[in-house]
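Peer 1: What would the 3D arrangement of this be:
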Amino acid sequence: MRRAHTLMELLVVLSLLTLAAGVVAPRFISGWDSAQLNAAASAVRNDFAFAKARAASTGLRHQVLVDSNTGELLVQPFRPEEQTQAAASQVVSSVPVLQDVVSGRVKVMQWRVEPFGYTDSSTTTATDTSVLTFYPEGRSDNALLVLESAGGQQRGVQVDGYTGEVRELNAQEIQDWQGRPAGGH
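Peer 2: Purely as a prediction, here's the structure:
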């Protein structure tokens, strides 16, 4: 004859399962946040690399626009001859060749672009722009995009203006980049 479990035995097992879930859940959530952050950083790096390759293959400048509030990223060709003199500092609206959105649980914490050839380190914000331009010869503006997960982890994506190299940054490299004056390479 088989005996049934007592209420006390069931409560002990349920308590142990709850305790185990309490220990494992934060690690699972942290791992999930980390995975989403890594995926978002890789996607942004790939989008920047796409813009660079597209500029080289078409012979046209390509711009990357990032909306820090929505996490939307657009890549579009840029034809300076289509701009009027009055709107020389404005972005010409054209059909994007790539439209992407950073994951909902990952936020754009910083988007900093220093125009190509900018070397004056006396001011930081006066020349910063929100548009990153890739040139057909492989160069670009200097740029830093910092992403942050819901858990506070950060990853960065840097574009080197002289080489056009796109690479991911760790936390220490992000701090180093943020601490340097504008135009300092």
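Peer 1: Only C-alpha atoms from now on, for both contacts and neighbour counts.
Peer 2: Fine.
Peer 1: Show me which helix runs longest in the chain.
Peer 2: Counting by DSSP state H, the longest helix found in the chain is helix 7-58.
Peer 1: so how far is that one off the chain centroid?
Peer 2: Relative to its chain's centre, helix 7-58 lies at 17 Å (Cα atoms, centre = their mean, to the nearest Å).
Peer 1: Where do the helices of this structure begin and end?
Peer 2: Assigned by DSSP H, the helices in the chain fall at 7-58, 171-179.
Peer 1: So residue 169 is in contact with residue 156, correct?
Peer 2: Yes. If you go by Cα atoms under 8 Å, residue 169 and residue 156 touch, sitting 4.7 Å apart.
Peer 1: Tell me which of these two has more neighbours.
Peer 2: Each of residue 169 and residue 156 has its neighbours counted (other Cα atoms under 10 Å); residue 156 has more, 28 against 19.
Peer 1: How about the contacts made by that one?
Peer 2: Contact analysis of residue 156 by Cα atoms under 8 Å, 6 or more residues apart in numbering lists 41, 144, 145, 146, 147, 168, 169, 170, 171, 174.
Peer 1: Tell me the buried residues in stretch 55-62?
Peer 2: For stretch 55-62, burial by neighbour count (16 or more other Cα atoms under 10 Å) applies to 55, 56, 60, 61, 62.
Peer 1: tell me the two of those that are most distant?
Peer 2: The largest separation in these, counting by Cα to Cα, is between 56 and 62 at 9.2 Å.
Peer 1: what residues are shared contacts of the two?
Peer 2: Listed as contacting both residue 56 and residue 62 by Cα under 8 Å, 6+ apart are residue 135.
Peer 1: Can you dump the C-alpha atoms of the helix or strand of the chain with the lowest mean pLDDT in PDB for me?
Peer 2: In the chain, no helix or strand scores lower on mean pLDDT, DSSP states H and E than helix 171-179, which sits at a mean of 79. Only the C-alpha atoms of helix 171-179 are listed here, as PDB (Å, rounded to 0.1, in the frame of the first residue of the first chain):
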ATOM      1  CA  ALA A 171      33.500  49.400 -19.600                       C
ATOM      2  CA  GLN A 172      37.100  50.800 -19.000                       C
ATOM      3  CA  GLU A 173      37.500  51.800 -22.600                       C
ATOM      4  CA  ILE A 174      34.100  53.600 -22.500                       C
ATOM      5  CA  GLN A 175      35.300  55.600 -19.500                       C
ATOM      6  CA  ASP A 176      38.600  56.500 -21.200                       C
ATOM      7  CA  TRP A 177      36.800  57.600 -24.400                       C
ATOM      8  CA  GLN A 178      34.300  59.700 -22.400                       C
ATOM      9  CA  GLY A 179      37.100  61.300 -20.400                       C
END
